[in-house]
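In: I need the structure of the sequence given here:
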Amino acid sequence: MKKLHSSWTQTVSCGFAVLVVAVLLQSSGFAQNYGQQIAVMKMMNPNLKSVGVFGSALTDKNVQDLTRAGLGQGVQIVIGRPKDAREISSIYKKMVSEKSIQLIWIPDASDQLMVGVGFEFLRSNALPDKIGLIVPNTSMLASGALCTVQLEGGKLTAYVNSQVAGLLGANTPSDPASGIAFVAK
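Out: Next comes the predicted model:
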């Protein structure tokens, strides 16, 4: 793993593809199954090349798991670990300008920095930049997020903000892989 700028951004390369995701995962149930979350993102954007992951509370184990999941999908993961609200803007700008991120993924719903002020900053900047936000719960969809993926009764359900999906050109598969349901909100 190559460390880029102090402790807040790490990049992992895997071939020609780049995945930069920042998604808010639900802290219960499905929070650690990153590979399936990335698969859902790729269904929504088959040409997905870059995803930025934001999390002030991400552990080294989380970073390792995210990296493995990205490698499994043939993508690059860029990790942003802001220590405080002031770092969110600079991490975001670096991800956009240097890594050309296409989605943002905040993986920890209990991460108060990223769920609070972090989400507000990313929401107000990502949509104008044509970057979708993947979030941990459906209530955030009404605030401008693109999608949330939840495990319900042993099955994956992707709730998609259809208005945001239309603005970003994201697909909502009508016949996705078995076990995954897409629900437009």
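
In: on the three-state scheme, the closest residue to G118 other than its chain neighbours is what?
Out: Nearest non-adjacent residue to G118, counting by CB to CB, 6 or more residues apart in numbering: I88, 5.3 Å away. Bear in mind the C-beta positions are built from the backbone N, C-alpha and C, glycine included. Secondary structure, DSSP: H, G, I helix; E, B strand; the rest coil: I88 is helix.

In: measure I88 to I104 for me?
Out: Going from I88 to I104 by CB to CB, to the nearest Å gives 11 Å.

In: more neighbours, those two?
Out: A direct count of neighbours by other CB atoms under 10 Å for I88 and I104 places I104 higher, at 33 against 24.

In: a strand runs through the more buried one, doesn't it?
Out: Yes - counting by three-state DSSP, I104 is found in a strand.

In: ok, it touching L133?
Out: Yes - judged on CB atoms under 8 Å, I104 makes contact with L133 at a distance of 5.1 Å.

In: about what we covered before: which neighbours do I88 and I104 share?
Out: 54, 122 (CB atoms under 8 Å, 6 or more residues apart in numbering).

In: beta partners of the residue most central in space within the chain?
Out: Geometric centre of the chain, nearest residue: W105, 1.8 Å, by CA atoms, centre = their mean. Note on W105: beta-bridge partners V53, I134, judged by DSSP bridges.
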